[in-house]
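S.K.: only the shape, not the letters, is given here:
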């Protein structure tokens, strides 16, 4: 019993009823003009449905009245775009034909079933029926009053059933085409990739700045040297300012999707990373070979972040230790290697998000990255191909 009554308590049942009555009203106007040709609206629906804009109009109306909970959602089951292919146009024609048929059924029931209830009530009171065929041929009797709710119950059941049927039909015939579904999937994938990229940007940039600040502050407190403390505070200030600039770039991407990615730092600015690590006490031995300025933008930006995360890991897990940095551009590849001694305080990263981000960055560019112990040292090595990325943004 409650299962039957549940649809009647939902507002969407009545918006679907309204959706079914809209073409019924148009159909009744035509019948008022010409009762002898009720089939004309069905014929006219064919050329009307072939108009590209008709699919947009029907989709907006169907989404608004049949599935209001999906209105405005990018994954809505009913599309709100104009027809772009002949397959979409013919699906719209079929939709209009089915909608007209269901509208005729529900529209007739909406008029005649309540009228039948009125007849039953009048006949039960002895006042005489209004002429409906269900009760006009029988004698008035009091027990007709018991049957009076029955036509209303049938009408509500028909409205709920036809509402579900027209909604399922709309999802089938007015839903996104395979091309639209593929486009939406690609857009969703791009959004997820962008969110992951932003998360990595924040992790690498802010994580590096905080690590440098912590190491510098700890060293300054232990040194008890005013001159060293001043240098440490200067390094903290500069690193913090760079981190704020990076944070502003990332936030600008969130606010404005059209922000050019070329504003992010590249390997040509690697000196600031090396100077920041030196300011934290690390002894940096850097060797850069090859034309970094000719490295494609996407490769250079990701290489910068890989170097940044590698130096951050050194400072975080090993502290102020000698570090060798090798960056080379040769034979169509960018090779980047950071090595440092394994000390007693060195933990064993490998499951952290930083090193995982390095591997993900390299993999997305068709390269590979490895990290781990190597000949008594901790090494991060990334190899990125330069081919096929000249047009990368």
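M.R.: Looks like it came in fine. Everything quoted here is computed from the prediction, not taken from an experiment.
S.K.: what mean pLDDT does stretch 36-45 get?
M.R.: The average pLDDT within stretch 36-45 is 80.
S.K.: just the residues contacting it, thanks.
M.R.: Here stretch 36-45 makes contact (C-beta atoms under 8 Å, 6 or more residues apart in numbering) with 26, 27, 30, 31, 34, 93, 96, 97, 100. (C-beta placed from N, C-alpha, C; glycine too.)
S.K.: quick one: buried ones out of these?
M.R.: With neighbours counted by 16 or more other C-beta atoms under 10 Å, the contacts of stretch 36-45 contain buried members at 27, 93, 96, 97, 100.
S.K.: farthest-apart pair in these, please.
M.R.: 27 and 93 (16.8 Å; C-beta to C-beta).
S.K.: before we move on, back to that, next step: the buried ones among the contacts of stretch 36-45 restricted to helices.
M.R.: Mapping those onto helices (DSSP state H) picks out 27, 93, 96, 97, 100.
S.K.: for these, which one is nearest residue 73?
M.R.: For these, the nearest to residue 73 is residue 96 (24.6 Å; C-beta to C-beta).
S.K.: any idea how far the closest one is from residue 37?
M.R.: In this view, residue 96 and residue 37 are 18 Å apart by C-beta to C-beta, to the nearest Å.
S.K.: now residue 376
M.R.: Here the criterion is C-beta to C-beta. By it, residue 376 lies 94 Å from residue 37.
S.K.: ditto for residue 355
M.R.: To residue 37, residue 355 is 76 Å away according to C-beta to C-beta.
S.K.: show me where the stretch 51-200 of the chain has its helices.
M.R.: Secondary structure of the stretch 51-200 of the chain (DSSP state H, counting those that start in this stretch): helices located at 52-65, 86-125, 144-147, 149-173, 178-223.
S.K.: the ones you listed: which one's closest to residue 333?
M.R.: Using C-beta to C-beta, the helices of the stretch 51-200 of the chain put helix 178-223 closest to residue 333, at 21.9 Å.
S.K.: so in that sheet, which strands flank the helix or strand harbouring residue 369, and in what orientation?
M.R.: In this assignment (DSSP states H and E), residue 369 forms part of strand 368-374. In the sheet, strand 368-374 lines up against strand 377-385 (antiparallel) (DSSP bridges).
S.K.: as a whole number, average confidence for the partner strand?
M.R.: Across strand 377-385, pLDDT averages out at 91.
S.K.: starting at the chain centroid, how far to it?
M.R.: 34 Å (C-alpha atoms, centre = their mean, to the nearest Å).
S.K.: name the residues that touch that strand?
M.R.: 299, 302-303, 306, 310, 313-314, 317-318, 332-342, 346, 355, 358, 361-362, 365-373.
S.K.: could you report the neighbour count for residue 375?
M.R.: 6 (other C-beta atoms under 10 Å).
S.K.: and for residue 233?
M.R.: Residue 233 is flanked by 14 other residues according to other C-beta under 10 Å.
S.K.: for the record, mean pLDDT for the helix or strand where it lies?
M.R.: In the assignment (DSSP H and E), residue 233 maps to helix 226-255. Taken as a whole, helix 226-255 has a mean pLDDT of 72.
S.K.: where does residue 265 land in three-state SS?
M.R.: Put simply, residue 265 is coil when judged by DSSP: H, G, I helix; E, B strand; the rest coil.
S.K.: and which of the contacts of stretch 36-45 is nearest residue 10?
M.R.: Taking the contacts of stretch 36-45 together and measuring to residue 10 by C-beta to C-beta, the closest member is residue 100, at 25.2 Å.
S.K.: excluding chain neighbours, give the residue nearest to the closest one in space.
M.R.: residue 23 (5.5 Å; C-beta to C-beta, 6 or more residues apart in numbering).
S.K.: helix, strand or coil for the one you found?
M.R.: helix.
S.K.: residues contacting it?
M.R.: 99, 100, 103.
S.K.: still on that earlier bit, and residue 376 and residue 37? Which one has more around it.
M.R.: Neighbours were counted for residue 376 and for residue 37 using other C-beta under 10 Å; residue 37 has more, 11 against 8.
S.K.: quick one: that one is in a helix?
M.R.: No - using three-state DSSP, the assignment for residue 37 is coil, not a helix.
S.K.: need phi/psi at it.
M.R.: phi -130, psi 70 (degrees, to the nearest 10).
S.K.: and residue 376, by the same measure?
M.R.: Residue 376 adopts backbone torsions of phi 80, psi 0, taken as degrees, to the nearest 10.
S.K.: does it really touch residue 342, like I thought?
M.R.: Yes - using C-beta atoms under 8 Å, residue 376 is in contact with residue 342, at 6.7 Å.
S.K.: name the nearest residue to residue 12, sequence neighbours excluded.
M.R.: Using C-beta to C-beta, 6+ apart, the nearest residue to residue 12 is residue 68, at 6.3 Å.
S.K.: I'd like the ones in helices among the buried ones among the contacts of stretch 36-45 as CSV, with distance to residue 236 and pLDDT appended.
M.R.: Output for those, formatted as CSV (distance: C-beta to C-beta, whole Å; pLDDT from 0 to 100):
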residue, distance to residue 236, pLDDT
27, 77, 75
93, 70, 93
96, 69, 92
97, 73, 92
100, 74, 90
